[in-house]
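1. could you work out the structure for the sequence below:
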Amino acid sequence: MSSLLLAALLAAPPALADGASTFASYCATCHGAGGKGDGAAAAALDPKPANLTAAEFWTTRTVAGVTKVIKEGGAASGKSAVMPAWGASLSDAQIAEVVAYIQGLQGT
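-> Prediction:
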């Protein structure tokens, strides 16, 4: 982990730090550690995972929409069926923390 990212996590509010940890555990395999859609599994996926850092990501999505995709899976929102539903594994609070973390990735 880079020292800059570590410093940001240490300075982050607890929910954001928890969101980063949950993201690392559940999302980074596909979306990549930095959220750029370049995780280890991304090469095998079609369509590719979303680049969560791209400015246009939030121009086509809402917090409620991203929350629904994480909770219910991509197919539930007309997105990729490859995106799994995490609602059975993550609490609503954890999902909200991940969404807040993803919002912070924009433009990185």
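
2. how much space between Asp92 and Ala41?
-> 25 Å (Cβ to Cβ, to the nearest Å). All C-beta atoms are positioned from the backbone trio N, CA, C, and that covers glycine.

3. looking at those two, which one has more neighbours?
-> Taking neighbours as other Cβ atoms under 10 Å, Asp92 and Ala41 compare with Ala41 leading, 13 against 10.

4. and the closest residue to Gly65 other than its chain neighbours, what's its pLDDT?
-> Once flanking residues are discounted, Gly65 sits nearest to Ser77: 6.2 Å by Cβ to Cβ, 6 or more residues apart in numbering. pLDDT recorded at Ser77 is 90.

5. what is the burial count for Ser77?
-> Ser77: 17 neighbours (other Cβ under 10 Å).

6. for it, give me its contacts.
-> The neighbours of Ser77, taking Cβ atoms under 8 Å, 6 or more residues apart in numbering as the test, are 65, 68-69.
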